[in-house]
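S.K.: When you get a sec, could you give me coordinates for this:
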Amino acid sequence: MTGSAAIAAGLFAGPDGAARCLWCQTSEPYRRYHDTEWGFPVIDDTRLFEKLCLEGFQAGLSWLTILNKREAFRAAFAGFDAERIARFGEADVQRLLADAGIVRHRGKIESTVNNARRLLELRAEFGSLASYVWRHEPAAESRPPVLAWEALRAITQSRESVAMSRDLKKRGWSFVGPTTVYAFMQAMGLVNDHVEGCHVRPAALAARRRLALTRTGPA
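M.R.: Numbering: from 1, shown residues only. Next up is the predicted model:
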C-alpha cells in the first residue's frame with residue numbers, strides 16, 4: 001500500500017499526504033471525485049437523475065470508465081434534463097448508438113429514456129426526485145458507528161437500497177438493482193462510506209448535518 005505504516009487498512013496517503021479511501025488511488029480524476037463529490041449529500045434533481053442513469057451505464061464496467069466519459073454523456077443526454085430526454089425517440093437512440101464518446105449499449109440507452117419518462121410520473125406524485133430519494137435515507141442507528149475497511153468491503157447493498165430498487169422497478173424503472181441503488185446512495189450522500197480515517201469523511205458528515213438542519217422535505 002502507498003503511504004506510511006500509520007495509514008490504516010483501506011486507506012492510502014495521497015500526493016499531499018492526506019489519507020483517502022483506497023478505491024480512489026489509481027488516478028487523479030478518481031481522487032478529485034472522491035474529495036469533492038462522493039458521499040456529499042445531493043438534493044438537486046438533475047444531479048440525482050444523472051447519477052442514477054450513470055450507475056446504470058456502469059453495470060459491468062468500472063466507475064472510472066464512466067467518470068472519464070461523463071461530459072460526453074451530459075452532452076449526449078441533454079444535460080440529463082428529464083423532460084428533454086423523455087421526448088427522445090428512435091432517431092435519438094440511433095444517434096446515441098453512434099456516439100463513440102459514451103457507452104453504446106442499446107438497452108442502457110433505452111433505459112435512460114424510459115427512466116426519464118418514469119421520473120416525470122414520480123415528480124407528479126412526490127414533487128421532486130430528491131423528495132422521493134431522501135425518503136430512503138437509512139436511519140443513523142442502522143449504520144455502523146465506525147466504518148472500517150473490512151466492513152465497507154462487505155457492503156454492496158442495504159435494506160434501504162433493496163426497498164428503493166423494488167419500488168422503482170414497480171414504477172417501471174430499469175437498471176436500478178439494489179447494488180446499483182446502493183452505489184447511488186453512497187455517491188449522493190445518503191450514506192457516508194468514507195472509511196474511518198479518510199480526511200474527507202468529517203466534511204461529508206458535516207454536510208449531511210447541515211442538510212438535516214435545513215431540509216424542508218421528508219426526514
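
S.K.: Any idea which residue is closest to the centre of this structure?
M.R.: Phe184 (3.0 Å; C-alpha atoms, centre = their mean).

S.K.: Pull the contacting residues for Tyr182.
M.R.: Ile155, Thr156, Gln157, Ser158, Ser161, Val191 (C-beta atoms under 8 Å, 6 or more residues apart in numbering). From N, CA and C alone the C-beta is placed, and that goes for glycine too.

S.K.: and the fourth one, how many neighbours does it have?
M.R.: So the one you mean is Ser158. Ser158 is flanked by 21 other residues according to other C-beta atoms under 10 Å.

S.K.: So which helix or strand of this protein has the lowest pLDDT on average?
M.R.: Taking mean pLDDT, DSSP states H and E as the measure, the chain has helix 149-154 as its least confident helix or strand, at a mean of 66.

S.K.: buried set for stretch 59-77?
M.R.: The neighbour-count check on stretch 59-77 (16 or more other C-beta atoms under 10 Å) flags Ala59, Trp63, Leu64, Ile66, Leu67, Lys69, Phe73, Arg74, Ala76, Phe77 as buried.

S.K.: Now do the end-to-end distance for that stretch.
M.R.: 18 Å (C-alpha to C-alpha, to the nearest Å).

S.K.: Can you give the contact residues for that stretch?
M.R.: Residues contacting stretch 59-77 (C-beta under 8 Å, 6+ apart): 26-27, 29-30, 33, 50, 53-54, 57-58, 80, 85, 96, 99, 101-103, 108, 112, 175, 180, 183.

S.K.: got it, and stretch 42-55?
M.R.: By C-beta under 8 Å, 6+ apart, stretch 42-55 touches 66, 70, 73-74, 77, 79-82, 112, 115-116, 119, 123, 128-130, 133-134, 175-176, 180-181, 183-184, 187-189, 211, 215, 217.
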